[in-house]
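1. Model the following, please.
(2 chains)
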Amino acid sequence: MSTRPFLRLDNIRKRFGSIVASDGVSLEIEEGEVHSLLGENGAGKSVLMSMICGMARPDEGDIVYKGQLVSFASPRDAIRQRIGMVHQHFMLVPNLTVAENYILGQGSALSVISDVDTVHRKIRELSERYALNVRPDAIVEDLSVGEQQRVEILKVLFHGIDLLILDEPTAVLTPQETDRLLSLMGDLVKDGKTVVFISHKLDEVMRVSNRISVMRDGRVVNTVKSAETNARELARMMVGRDVRTELPRDPKPPGRVVLSVENLACRAETGLPAVRGLSFDVRAGEIVGIAGVSGNGQTELSLALSGLLSVDTGRVALNGQDITGLDPAAINARSFSHIPEDRHKHGIVLPLSLSENTILQRYDQKPFAKGGILNRRAIGEHTRDLIKRFGVKSRDENQAIGALSGGNQQKLVVARELARNPDFILVNQLTRGIDIGAMEFVMEEMLRQRDSGRAILLISTELEELFAICDRILVMFHGEILGELPPDRNRLDELGLLMAGNKETAGTCGVDKRSLGRL
Amino acid sequence: MAEINQGVRETVNSQATQAFYRTLSQCAISALTPIAAVLVALAFGAALLWLNGFDGSDVVTVMVLGSFQDTRSVGEILLKATPLILIGAGLCVAFRCSIWNIGAEGQLYVGAIAATLVGTSIDGLSVWVHAPLVMLVGALAGAAWAGIAGYLKVRFQASEIVTTIMLNYIALILTSYLVTGPMRDASAAYPQSARLVREAWTPRLVTDLRLHIGILVAVVLAVALYIFLRRSSRGFALRVVGLNPHAARYAGMNVARNVMIAICISGAMAGLAGAFEVAGVTRRLYQNISPGYGFEGIAVALLAGNNPLAAILSGGLFATLRSGSEVLQINSQVPQVLVLVIQGIVILSVVAFAKLRDILRIVA
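-> Residues are numbered from 1 along each chain as shown, chains lettered A, B, ... in the order given. Down below sits the predicted model:
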């Protein structure tokens, strides 16, 4: 490695309105290393990297690349300097072929269209060299998420880069695909390229990187060699204190069956089967987790339970009453609360105020409405009460909820759903996109709900969340439940195998006979 | 204890003051941007007239001031404002529910047809019964016509933009067919229906003006729709459906029902406007009973920022511009095409400033 750094960031500052995204970041990346940027959601990793690849410009500070002070006005400038980034959200045109996507944005509007055959040949060469298995004539929308990601990576390689930035690339991948991606990073480094890997997953970061920089609240807290640290130390740096991996809970045995699902099957919007004959019970005073790589039917399961997706076969009973096929209003009215996966799509209405979002389900019920007219005093009082009890940081109850941080939005959703006094709470992705403080708060709140006798179904792709608060964990794969495990971190391997659909190897000791019998 | 109370009261007060100033600045933004829009448009209009060899200042003196010469011309403005306010306020409700009803023109015609039928076929009712009946039937017919597009949307996901435009053609051609065929007054030289019986006429507001009570009905209904949207639980549901139909479904709202209600309200308002045109102004059904009120109503709603209360003012403004352009044409021999261009500039400027206002609101 050379003495002068390949890329040096010097005291970078960037703010968006009142939010400081980068608060004086200094960072050195050396040539030919895999450098991980580790941090919680909202720590400022993506913003920092978007400034390196020309998507944003720093308010203050210098970027020195290959010994030269650089300032990129656009991603094109960065690509010209051989810097490429693969974003969390793919930047591909779905109805074009891979090759057409690569040709897009190349050259000026006046230049002649590139020689298509040459492009195809170059794609095939690169694909073989890095074993990416990308066909140049494939239509992007026909590809799986994992394949699309490889197309994105190959696109950057196609444009010719020395520095590759990967933004949370493993979030959408199965464990196997993740393995493949991590070994690809090794291959790229062998070819003399430098990789910056953004992640919040400790194990992946430990496996692949030479050095790790931990970010918190828009600053780099520390940079360490991965050989000289461990996961626990990294977690402490990320959060700023020791992480409580075990939350205290009442060991009381669960009570009566509140939600009973029998042989449930439904299809996704695409018409393909998504949930294939699920059976399970959730009892009062227990939290049942559903683990699985995203896209294995969890979304459809929660939509079907809450009445937003029609059920093909099977039966759902709540407190002994059949609720299969009822509409959401009827299900909501039967002591059913739902903290949805996609907060912005289902959970809240961004332009409306906190007050209005608080009465989303009860807008026509007393005391919030009388004779069809909204009772603004009662709505305001109720909302102020929830804001106070759940510590939602906001100007007042009339502020638009869209102006709040993700964590505060989620707190209001949790507050609203709990205030409806449910017997059963369906939670999908409790802590997605929220800061660590809010995360701990909502998890503890779920445990309090459990202890007070409510039945909770927690669907999550974050294993830590499941281990922390669940009483038992069901593993979902391809719309089926492959097994049940206790929340025991020592059995992580088993859980991982089940998540990858490997029932035979994992199932011998882990599967609950009762739930298998029903499959 | 008293001190604490005092402290609490002060915080509450300062919060209330802050909220007051916020509201005030929002109101200022709401009120000033349309005025700025009109001023910019008039400046462009003046430049255009000047380039074409006319006196540029005519735009102001003739078009704006000329419209307020006497009570008669003010009455004419209010007469034109009536359908614009009705349609504009109704469309605010549809647009708030994210329903792009472009069919107010057709709904107006269907309202006019229904009003004519009730106003010509029944005789011997008292004015207290017949005149309101005509209005009611016109509104119901407009609602039903809009309801067709609403049903196609909720049942088959057909775009209401397309269906309402197509229904416009059907309503216009239906009117032509009726006044040249089944409903034609055989004794008249032009295609027109028989005259409505006197009891069906909308009562006049001032004896010697054409202005009728429709303007009062329009203002009252606009205020009612404003309260409906802001204060009623149904209005709340309509807004949620308009802003985020997924969240509306999640919350247990019946999206289809709310869509039907919103589009039918806008249709009823347009149908009522049609009834007033027949029963209050022409007394007969003609082929071209509306000079495009249904389309201008869209601009009225847009300028009002989809607020029915503001639609009263923006409806009045568009009516002023409409009469002004007529005066301009007569007094200064400015060709009609040029007048239409000026009107177009006004509408474009209004839409541009409406966008600017939204941006300013977010900043403020």
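2. Can you tell me the closest non-neighbouring residue to residue A:460?
-> Setting aside the residues directly before and after it, residue A:460 is nearest to residue A:466 in space (CB to CB, 6 or more residues apart in numbering or on different chains), at 5.3 Å. Placement of C-beta: from N, CA and C, glycine included.
3. ugh, wrong one, I meant residue A:78
-> Counting by CB to CB, 6+ apart, residue A:78 lies nearest to residue A:54, which is 3.8 Å off, once chain neighbours are set aside.
4. What does the pLDDT read for the residue of the stretch 251-364 of chain B found nearest chain A?
-> Residue of the stretch 251-364 of chain B nearest chain A, by CB to the nearest CB: residue B:252 (3.1 Å). Here, the pLDDT recorded for residue B:252 equals 94.
5. Near it, how many other residues are there?
-> Neighbour count of residue B:252, defined by other CB atoms under 10 Å in any protein chain shown: 22.
6. and what of residue B:178?
-> Counted with other CB under 10 Å, the neighbours of residue B:178 add up to 19.
7. What about the closest residue to chain B within the stretch 251-400 of chain A? Give its phi and psi, please.
-> Ranked by CB to the nearest CB, the top residue of the stretch 251-400 of chain A for proximity to chain B is residue A:329, at 3.1 Å. Dihedral pair for residue A:329: phi -60, psi -40, per degrees, to the nearest 10.
8. Counting neighbours, what do you get for it?
-> Number of residues near residue A:329 (other CB under 10 Å) recorded here: 15.
9. so what's it closest to, chain neighbours aside?
-> Excluding the flanking residues, the one nearest residue A:329 by CB to CB, 6+ apart is residue B:252, at 3.1 Å.
10. Backbone dihedrals for the one you found, both of them.
-> Here is the backbone geometry of residue B:252 (degrees, to the nearest 10): phi 90, psi 10.
11. What distance do you get for it to residue A:38?
-> Distance of residue B:252 to residue A:38, computed by CB to CB, to the nearest Å: 41 Å.
12. Please apply the same query to residue B:144.
-> With distances taken as CB to CB, residue B:144 is found 63 Å from residue A:38.
13. So between the two, which is more surrounded?
-> More crowded of residue B:144 and residue A:38, by other CB under 10 Å: residue A:38, with 28 against 18.
14. so the more buried one makes contact with residue A:216?
-> No: Residue A:38 lies out of contact with residue A:216 (CB atoms under 8 Å); the separation is 9.6 Å.
15. Need the pLDDT of the residue nearest to residue A:419 when sequence neighbours are not counted.
-> Excluding the flanking residues, the one nearest residue A:419 by CB to CB, 6+ apart is residue A:386, at 6.1 Å. For residue A:386, the pLDDT comes out at 95.
16. Now the common contact residues for residue A:38 and residue A:216.
-> In terms of CB atoms under 8 Å, 6 or more residues apart in numbering or on different chains, residue A:38 and residue A:216 are both contacted by the residues residue A:238.
17. Tell me how many other residues surround the residue nearest to residue A:78.
-> Neighbour number of residue A:54 under other CB under 10 Å is 21.
18. hang on, it in a strand?
-> No: judged by DSSP: H, G, I helix; E, B strand; the rest coil, residue A:54 forms no part of a strand; its state is coil.
19. For it, which residues are in contact?
-> For residue A:54, the contacting residues are A:72-79, A:83, by CB under 8 Å, 6+ apart.
20. cool, and residue A:329?
-> Residue A:329 sits next to B:252-254 when contact means CB under 8 Å, 6+ apart.
21. and what of residue A:206?
-> Counted by CB under 8 Å, 6+ apart, residue A:206 has contacts A:212, A:226, A:229-231, A:234.
22. got it, and residue A:222?
-> Residue A:222 makes contact with A:213-214, A:237, according to CB under 8 Å, 6+ apart.
23. who are the neighbours in contact with whatever residue of the stretch 51-200 of chain B ends up closest to chain A?
-> The nearest approach of the stretch 51-200 of chain B to chain A comes at residue B:96, 11.4 Å away (CB to the nearest CB). Residue B:96 sits next to B:229, B:238-239, B:242, B:262, B:306 when contact means CB under 8 Å, 6+ apart.
24. Residue B:79 now?
-> B:210-212, B:215, B:281.
25. Scan those residues and report the most crowded one.
-> Highest neighbour count within the contacts of residue B:79, by other CB under 10 Å: residue B:215, with 25 neighbours.
26. Tell me the spacing between it and residue B:298.
-> Counting by CB to CB - residue B:215 and residue B:298 are separated by 20 Å.
27. How many residues are close by residue A:485?
-> Residues within reach of residue A:485, counting by other CB under 10 Å, total 24.
28. what's the pLDDT at residue 201?
-> Let's take chain A. 77.
29. if you could check chain B rather than the one you did, that'd help
-> In the predicted model, residue B:201 carries a pLDDT score of 93.
30. For it, give me its contacts.
-> Counting by CB under 8 Å, 6+ apart, residue B:201 touches B:119, B:127, B:131, B:279-280, B:283.
31. same check, this time on residue A:280
-> By CB under 8 Å, 6+ apart, the contact list for residue A:280 reads A:261, A:288, A:474, A:481, A:515.
32. which SS state does residue B:196 fall under?
-> coil.
33. Equivalent analysis for residue A:426, please.
-> In three-state terms, and counting by three-state DSSP, residue A:426 is strand.
34. Appreciated, that's everything.
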